[in-house]
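Chemist: Predicted coordinates and the sequence they were generated for:
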Amino acid sequence: MITKEEMICIGCGECCRVVTFTINYTVKKQCDEMVEFYKTRGFKVKMHKDRIEVIIPTACPKLTKYGCSIYGSRPELCKKYDGRDDPILKDVCKLPPKDEFNFSHSENCNCFICRKRK
C-alpha cells in the first residue's frame, strides 16, 4: 500500500531528474574558476558566499512519465533520500514540511493526490 507521502513523492520526481552536489570554497578566484568550469559544460550553478551548488540535468533511467518504474524495489539510497533535507532541491520538492505532513485536503485542493481522485 502506497502512503500519501509516497504518492506525492512519485508524482514529483524532481530529485530523479538531476544530480546535485555542493562545493565549499574559501578563495573567490577558486570559486570563479569552478563556476566557469561547470557552466561551460551546461550545468546550472548557484553561487553563495561560501559555496557553489551544481545541478546536472540527467534523469534516472528508471524514471517514466508516471514516476519511478521500480519504486517498490528502488535502491536503498533512493528510499532514504528526502528532498526536504536537500539544500539544493528543498525548494522544488513537492512534499510538505515534515512538521506539516498531517494536513487535510479541502474540496478545492489541487495537489497530486486529490487530482488523481477526481
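Modeler: Looks like it arrived, so ask away.

Chemist: distance of the one residue sitting closest to the centre of the chain from Lys80?
Modeler: Of all residues in the chain, the one closest to the mean position by Cα atoms, centre = their mean is Cys15, 3.1 Å from it. For Cys15, the distance to Lys80 equals 12 Å [Cβ to Cβ, to the nearest Å]. Quick note: C-beta positions are derived from backbone N, CA and C, even for glycine.

Chemist: swap in Phe43?
Modeler: Per Cβ to Cβ, Phe43 is found 25 Å from Lys80.

Chemist: and if you look at Cys31?
Modeler: Applying Cβ to Cβ, the value for Cys31 to Lys80 is 30 Å.

Chemist: Which one's more surrounded, these two?
Modeler: Cys31 (20 against 8; other Cβ atoms under 10 Å).

Chemist: where are the low-confidence patches of the protein?
Modeler: Along the chain, segments meeting pLDDT under 70 span 100-118.

Chemist: need the contact list for Gly42.
Modeler: Pro57 (Cβ atoms under 8 Å, 6 or more residues apart in numbering).

Chemist: Confirm that it sits in a helix.
Modeler: No. Gly42 is assigned coil when assessed by DSSP: H, G, I helix; E, B strand; the rest coil, not a helix.

Chemist: And it, how far from Asp82?
Modeler: Relative to Asp82, and taking Cβ to Cβ, Gly42 is found at 28 Å.

Chemist: Same question for Asp99.
Modeler: Separation of Asp99 from Asp82 (Cβ to Cβ): 13 Å.

Chemist: Looking at the two, which is more packed in?
Modeler: Neighbours were counted for Asp99 and for Asp82 using other Cβ under 10 Å; Asp82 has more, 15 against 6.

Chemist: residue farthest from the centroid of this structure?
Modeler: Lys29 (29.4 Å).

Chemist: Noted, bye for now.
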